[in-house]
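>>> Test case, fold it:
(chains A and B)
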Amino acid sequence: MGKYRGWLIAILVLLMAATWVIVRTPARLGLDLRGGAQLTLQVQTTDKVPQITPQVLSAVQSVVQKRIDGLGVAEAVVQTAGDDKLLVQLPGVTDPEQAERILKGTAQLLFAPQKPGTEAQLQVERQIQAQLLLEQTQLLLEQSQNANNPEALADIEAKLAKNRESLAASQQAIANLFAPSELTGAMLQEAFASPVAPGSPNWNVIVRFDPQGAELFARLTKEIAGTGRSIGIFLDDRLISAPTVSAQYAETGIIGGNAEISGGFTAQTANDLAIQLQGGALPVPLEVVENRTVGASLGQDSIRDSLYAGVAGLVLVLVFMVAYYRLPGLIADIALVLYAIFTYAAFLLFGVTLTLPGIAGFILSIGMAVDANVLIFERTREELRLGKTLYRSVESGFDRAFASILDSNVTTLIACGALFALGTGFVRGFAVTLAIGIGVSMFTALTCSRSFLFYAISIPSLRKPTWFCPKLETLK
Amino acid sequence: MSFSVNRQRSLWWGISLVVILSGLMAMAISSVSLGSPLRLGLDFIGGTRLQFELACSTTNTCKQPIDIDVVRRILNQEGLGNSSLQVIDQYGIGIRTIPLGVEQRTRLSSALTQELGAFNPAQTQIETVGPTLGGQILRSGLLALLVAFIGITIYLTLRFQFDYAFFALVALFHDVLVTAGIFAILGLTLGVEIDSLFIVALLTIIGFSVNDTVVIYDRVRETLKLNPALNIKEVVDQAVVQTLGRSINTTLTTLLPLVTIFIFGGDTLRFFALALIIGFVTGAYSSIFVASTLLAWWRDRQPTPTPSPVT
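Here you go, the predicted model:
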């Protein structure tokens, strides 16, 4: 039986390698297990960018990455998903509200000089805009209060639409009062929030330009210093502040490349804007279309429950196999334990992220892995009852069951393939764990249990008929 | 041969028809009253689900359980009056609303904190799915099912013959219909919703159920090759009996871990496990009693016996 000894040694080596992998590699747990927030962002098209090309998506990804980095969340991940979506993972975050806020605005910053002779007009237009904004806040409040009243709601929504139109018109009117400019948020080196005065509830955002931006800024401030005209600071095409520059800068302009943006910010809004500016402008707006956030201890509870369930299920299967199939059942059990170890090691090697459905897939595959052995042993019993020798019966059990085992595994793999190709997120995780499980089970159920069983029947004292098939008197 | 699956085939087909028809009726009722054959969850129609637990619950210092009327009042103030609401273990709440933006959600949670006390962030759960994304998830799930059906039919046609593949497919539809029908009934009676995991469960069910069918078909093919003269009904009867032990034992070993998940596995996985349990039991039934008897019936009706399939 030297042939099987060779296999046994190979399996032993593999077992040691798998154990080494399991000991050395930490498991990659999904956010549903270790706690954290996962956001799916959908990139929106605009008039300027009517189609989301891979270039646009990767530009958006890099801006999102920078903004997320600004949050200081450890191990945050930004990935693309599909043609127009990004996946943001924030481990340990229990409420991703700040992340959601800073991802919303596109943060196009523009510094533009006011056109001469428009001072009075600007004041009027800004007053109109302030009035409209106040009206909008009022309407939004009414909207949320009347959510159960369809009639009132329709009325409010009509008003809101009108308000939005007026706001857009007012925004355009204001923009027309300013000359075109090249000084944008792209020329920023740094942006941070700072209180207007120590301890004040009002905050400003301080920006520092890069050398090119600093030069432009100096030229811009020199041009309007002492004229009474202002520099318009636009965020996403909306004027947020319009400071004037005093006459003392008329000679050189403001040099050093620092500017202060004041716009009635609180500490939070100033901080959000600083992060947005620091990360650069988004070429297109984003929408958070999915948010799945799980608290850390909820995740731990699910791991614990699932592990209990898994271990209990495994033990029941092991007991059943020995009770029903005797010695071959015991051998199948050893193969099954090997299956669990190899599969887990394969998850770690392939870098599979373990999610709750993934663990369910793993537990499920334990039950399914037994199927191949059940097929083989049922066949072996049949052959024994027909009066064949033990060796022949075991051999034809393996040979004849092979076609069925292959067919059934291929069909399950087809279902896995469909899940993987068309599913998203955790659905894919489930498909991968199930597919790896099927691959490993082909190996353990065929090679491992075959070697063990042939090795076992080569030992005369193990060749007892009742150990293979109950009610069988003699073994040939 | 004492047991003949073909002799009582009208009984087996009758049982299947009754179960499927009652499921279809539940789906029809549900379509009228809920607007969809099954009660669709957050994943498919969009919405926000929030789950909070009071921080004092961890330290056992809560003075009083959460008053559902207070929560209801806050929801009304926020204009979310027709949300569903439930108190979990006295000190936790679960809220299900229309999709909420970040401002609205933050306002709601701070209003709740003000009235009820601080929540434990480690026990918080937030889920929001936008309505358009929900539609996409549903469509891609149904598409995955279709692709799997086609893929399995092609594979079985290559390995066996087209009529084998066709009746295997009938058995798979049977399993999907029974599982979906029972969930339609559960949706009407207990308010059970289906989510992405349900689609995953259906795909796993068809992958697994086709195994049983394939094993029986393998036996039919093998027996036909050995005795080409045998009547197809007898061949099928033999194949079913010979593989019965395997079918029962495999289903049993797969059900054992599922039952443990159903009992211990926590809320997320409970109905996933239930769908699989229903589907696997139905899958074993349809392979033994439906796919095989349909094949025998069909081949028996052919005027000239078709040549035995190639291996």
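>>> hmm, the lowest-mean-pLDDT helix or strand in chain B touching chain A?
Least confident helix or strand, chain B: helix B:56-59 with a mean of 78, by mean pLDDT, DSSP states H and E. No: Helix B:56-59 does not reach chain A (C-beta under 8 Å from any C-beta of the partner chain); its nearest approach is 8.5 Å. C-beta: built from backbone N, CA, C; applies to glycine.
>>> list the buried ones in that helix?
Neighbour counts over helix B:56-59 (16 or more other C-beta atoms under 10 Å in any protein chain shown) mark B:Cys56, B:Ser57 as buried.
>>> helices and strands around it, which ones?
Helices and strands touching helix B:56-59, by 3 or more C-beta pairs under 8 Å, 6 or more residues apart in numbering or on different chains; DSSP states H and E: there are none.
>>> ok, and what's touching that helix?
B:Cys62, B:Lys63, B:Asp89, B:Gln90, B:Tyr91, B:Gly92, B:Gly117, B:Ala118, B:Asn120, B:Gln123 (C-beta atoms under 8 Å, 6 or more residues apart in numbering or on different chains).
>>> restrict these to contacts with chain A.
Okay, of the contacts of helix B:56-59 touching chain A (C-beta under 8 Å from any C-beta), that's B:Asn120, B:Gln123.
>>> Can I get the contacts of helix B:56-59 in CSV including neighbour count?
Below are the contacts of helix B:56-59 laid out as CSV (neighbours: other C-beta atoms under 10 Å in any protein chain shown):
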residue, neighbour count
B:Cys62, 16
B:Lys63, 6
B:Asp89, 9
B:Gln90, 12
B:Tyr91, 23
B:Gly92, 20
B:Gly117, 17
B:Ala118, 11
B:Asn120, 20
B:Gln123, 23
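>>> What is the nearest of the contacts of helix B:56-59 to B:Gly47?
B:Gly47 lies nearest to B:Gly92 out of the contacts of helix B:56-59, by C-beta to C-beta, at 19.1 Å.
>>> that older thread, need the contacts of helix B:56-59 in CSV (columns: pLDDT, distance to B:Val215 and secondary structure).
Formatted as CSV, the contacts of helix B:56-59 follow (pLDDT from 0 to 100; distance: C-beta to C-beta, whole Å; DSSP: H, G, I helix; E, B strand; the rest coil):
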residue, pLDDT, distance to B:Val215, secondary structure
B:Cys62, 80, 56, coil
B:Lys63, 79, 62, coil
B:Asp89, 81, 46, coil
B:Gln90, 83, 51, coil
B:Tyr91, 87, 51, coil
B:Gly92, 88, 47, strand
B:Gly117, 85, 59, coil
B:Ala118, 86, 58, coil
B:Asn120, 87, 51, coil
B:Gln123, 86, 46, helix
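>>> what about chain B, any weak spots by pLDDT?
B:1-2, B:303-311 (pLDDT under 70).
>>> That one: helices as residue ranges?
Ranges of helices in chain B, per DSSP state H, are B:9-34, B:42-45, B:56-59, B:68-77, B:102-116, B:131-159, B:162-189, B:196-226, B:232-264, B:266-285, B:292-301.
>>> returning to that earlier point: now the contacts of helix B:56-59 in JSON lines, please, with extra columns for distance to A:Arg219.
Listed next are those as JSON lines, based on distance: C-beta to C-beta, whole Å:
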{"residue": "B:Cys62", "distance to A:Arg219": "64"}
{"residue": "B:Lys63", "distance to A:Arg219": "65"}
{"residue": "B:Asp89", "distance to A:Arg219": "66"}
{"residue": "B:Gln90", "distance to A:Arg219": "67"}
{"residue": "B:Tyr91", "distance to A:Arg219": "63"}
{"residue": "B:Gly92", "distance to A:Arg219": "61"}
{"residue": "B:Gly117", "distance to A:Arg219": "57"}
{"residue": "B:Ala118", "distance to A:Arg219": "53"}
{"residue": "B:Asn120", "distance to A:Arg219": "55"}
{"residue": "B:Gln123", "distance to A:Arg219": "56"}
